[in-house]
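> requesting a structural model of the entry that follows:
(chains A, B, C and D)
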Amino acid sequence: VPFKEFAQTLEKIEDLSGKKKIDELGQFFTKVLDFSPEDLTACVYMSVNQLGPSYEEDLRIKGDLGTVAQQSRQNQKTLIQPKPLTIPIVFNKLVKIAKINGKEATTTKISEIKGLLSSCQGIEARFLVRMLAGKMRIGLGEQSVLSALGHALTLAKLAETNKKVSGDKLDAMKDTNVKRVKTAYCECPNYDLLSTRKRKNATDDNGVKVGVFLFDLLYFNGKPLVREPLRKRRELLRSNFKKIDGSFYFATSVDTMDTDEINSFFDEAIQNKCEGLMIKTLDTEATYEISRRSKSWLKMKKDYVDGIGDTLDLVVMGAYVGNGKRTGVYGGYLLGCYNPSTEEYESVCKIGTGFSDEDLAEQFKILQEKKIEKAPMYYQFDPTLKPDDIFAPHLVFEIKCADITISPRHKAASGLTEDGKGISLRFPRFLRIRDDKNADDATSSEQVLEMYRSQEIFANQKIEADDGEEDDDDVVGEDEEKDEEEEDLNKTNASEGSSKENPVEKKKSPVKQSPAKKDAEKSKSPLKSTPVEKKKTVASIFSSTKKSVKKEESPIKKKKKNEFSSDSDSEDSEDDAFAKKAQPKKKRSRVAIDSDSE
DNA sequence: TCTGATGCGTC
DNA sequence: GTCGGAC
DNA sequence: GTCCGACGACGCATCAGA
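Alright, predicted model coming up:
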């Protein structure tokens, strides 16, 4: 298969929308199957920008090679046209490059890449560069590639048997084959967890005890269990494996249909330092599907509830230029809290999500007038966080986060802690601009520290209380108290003023969906007492104890905030880079050939 | 050989 | 991990 | 409801450079 064909397909896909992307790729795969089926594997991998199954040894091209690739592009004199590239040539070359290591590895890789690039013609270079940069940006990912494969198999089969089928029938056949492909994909035991992740010092001498909490069984004695309902998988898990104190446990769980029980269990989980619960159906739609969100696996976390969870008002110290669909506006910001005693702003976190396109456009405009030459003395941040643009303290963002953590990079409250370590936020997201606050009204360093501490105290109080007992039952009873805890949660909210424009706190459900199965039934589950209308579904709740281990997640649609947003200005930055001159400081360009799931 | 920076994976 | 946008 | 691609903190392993 000529590489050019592939590149042209990618180009088309980029311009198409919706299902047409899948059709296009499906047709390409069909052609491949027809002409040189042996190339199909490489084609599939390259479509998802991988060099092999992820359980195999790391086949990732490292170093800042994406930029190298871009830059070396301009130096191509292209005097003679080398012979055309093919899929296997490119694929094998990339694998080879990825495997180079040892002394001079980077230099060798660079020259190999230059070589490959100079063989490129026309459109080929663009996609090669994108592959090296780790971002294909054609709006087509793993799920769509699987669908395309299903389509291709259908078409190939039909061609082979010389059958003709009409529209609806064809679509139905495609659907079945897509399903087959996806099921097979789930059943192949090539999950990441099977690859031995090399950790040099597995014995953790930080005093932190580490344990594995088993919660599912997908493959046993050579048989995939993916199509079995959770109840059965769990039964097999529990009857065939043994708990080992200190290392292997079964995830703590409760089987119930009662939302009060769920709420109690949730509270308990939080007190035990868990992030929350996974709520799963035991029997209905309870098979296992990877890489997917569904209603039969729901995540319940405290920070999903409006008005609960940590909220801070932080000053925009600087911003970073946006990439991809954020080109032309800022893609993220550096935020800080205010330390009144030193009159300094100390970085707390960067922020890059929660914005609508409209938000970003508006902010870009506002901030142009606040730009200053260089970071003032009273801005405290790690050099590695240096923003592309720096602003005078002015704009204040309200931010929500899941947790407050000690940070190796950020400076917040670093003058107030014993060890001089700073504080940062886990999973920060933008809520809105606080027009009503000046920069020095922002959350103070002291408040940030206070929030961190009360979070710790909160988590500790229960642990101390029942220290010594339980801690390792696989089925946990329910809790009793819970009201005082919610108060504590509220206390950590630093945006007192919020209520101003938010007289009525719309409480959002703390439940979101997760990967696994698809449609089940409707279920809404407010944290506060209100019982839930449920059909016959049984909920099974998982959580781990103490220093928890967690997995799985997913979002449920929020409310719509602004129904509208100005057109997104996606631009092709590397193409621009070709046209112009070497992109001067394209910091942080990722250079893996990757995609983080198999 | 050591160390600081950073790639890349986890959440 | 979170989130918004397009379909 | 799905899928995709913007973006977060942080820790380990690795590599360039001393």
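
> interface residues of the stretch 251-400 of chain A facing DNA strand B?
A:275, A:384 (C-beta under 7 Å from any atom of the strand). C-beta coordinates here come from the backbone N, C-alpha and C atoms, glycine included.

> just for the stretch 251-400 of chain A, where's the confidence low?
A:290-293 (pLDDT under 70).

> could you pull out the helices in it for me?
Here the stretch 251-400 of chain A has its helices, by DSSP state H, counting those that start in this stretch, at A:259-271, A:357-368.

> Throw those into JSON lines and include mean neighbour count and distance to A:S296, thanks.
Converted to JSON lines, those look like this (neighbours: other C-beta atoms under 10 Å; distance: least, C-beta to C-beta, whole Å):
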{"stretch": "helix A:259-271", "mean neighbour count": "22", "distance to A:S296": "15"}
{"stretch": "helix A:357-368", "mean neighbour count": "16", "distance to A:S296": "32"}
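
> which stretch among those comes nearest DNA strand C?
helix A:357-368 (3.9 Å; C-beta to the nearest atom of the strand).

> do that closest one and DNA strand D meet?
No: counting by C-beta under 7 Å from any atom of the strand, DNA strand D has no neighbours in helix A:357-368; the shortest distance is 9.6 Å.

> same check on stretch A:258-278?
No: Stretch A:258-278 lies apart from DNA strand D when judged by C-beta under 7 Å from any atom of the strand; the minimum separation is 12.0 Å.

> re the thing from before, can you put the helices of the stretch 251-400 of chain A in CSV and add distance to A:P340?
Putting the helices of the stretch 251-400 of chain A into CSV (distance: least, C-beta to C-beta, whole Å) gives the following:
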stretch, distance to A:P340
helix A:259-271, 32
helix A:357-368, 24
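
> closest one to A:C337 among the ones you listed?
Across the helices of the stretch 251-400 of chain A, A:C337 has its closest neighbour in helix A:357-368 (18.9 Å, C-beta to C-beta).

> give the other helices and strands that the closest one contacts.
Helices and strands touching helix A:357-368, by 3 or more C-beta pairs under 8 Å, 6 or more residues apart in numbering; DSSP states H and E, are strand A:310-321, strand A:330-339.

> make JSON lines out of these and add mean neighbour count.
Listed next are those as JSON lines, based on neighbours: other C-beta atoms under 10 Å:
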{"stretch": "strand A:310-321", "mean neighbour count": "26"}
{"stretch": "strand A:330-339", "mean neighbour count": "25"}
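
> got those strands as TSV, with distance to A:T287 columns?
Compiled in TSV, the helices and strands packed on helix A:357-368 are given as follows (distance: least, C-beta to C-beta, whole Å):
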stretch	distance to A:T287
strand A:310-321	36
strand A:330-339	38
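
> just so I know, which of those strands lies nearest A:S36?
Per C-beta to C-beta, nearest to A:S36 of the helices and strands packed on helix A:357-368: strand A:330-339, 40.5 Å.

> alpha carbons of that closest one, in CSV - could you do that?
The C-alpha coordinates for strand A:330-339 follow below in CSV (Å, rounded to 0.1, in the frame of the first residue of the first chain):
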residue,chain,number,x,y,z
TYR,A,330,-4.8,30.9,25.0
GLY,A,331,-5.0,27.2,25.8
GLY,A,332,-4.3,27.5,29.5
TYR,A,333,-3.4,29.8,32.2
LEU,A,334,-1.1,30.0,35.3
LEU,A,335,-3.1,30.9,38.4
GLY,A,336,-2.0,32.1,41.7
CYS,A,337,-3.3,32.9,45.2
TYR,A,338,-2.5,36.1,47.0
ASN,A,339,-0.2,36.3,50.0
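
> that one close to DNA strand D?
Yes: for strand A:330-339 and DNA strand D, the contact criterion (C-beta under 7 Å from any atom of the strand) is met by A:331-332.

> near DNA strand C at all, that strand?
No: Strand A:330-339 is not in contact with DNA strand C by C-beta under 7 Å from any atom of the strand; minimum separation 10.2 Å.

> which neighbouring elements make contact with that strand?
Using 3+ C-beta pairs under 8 Å, 6+ apart: strand A:330-339 touches strand A:310-321, strand A:344-351, helix A:357-368, strand A:396-401, helix A:445-465.

> nearest to A:I390, of those?
Closest among those, using C-beta to C-beta: strand A:310-321, at 4.5 Å.

> neighbouring strands of that closest one in the sheet, and parallel or not?
strand A:330-339 (antiparallel), strand A:389-391 (antiparallel), strand A:396-401 (antiparallel) (DSSP bridges).
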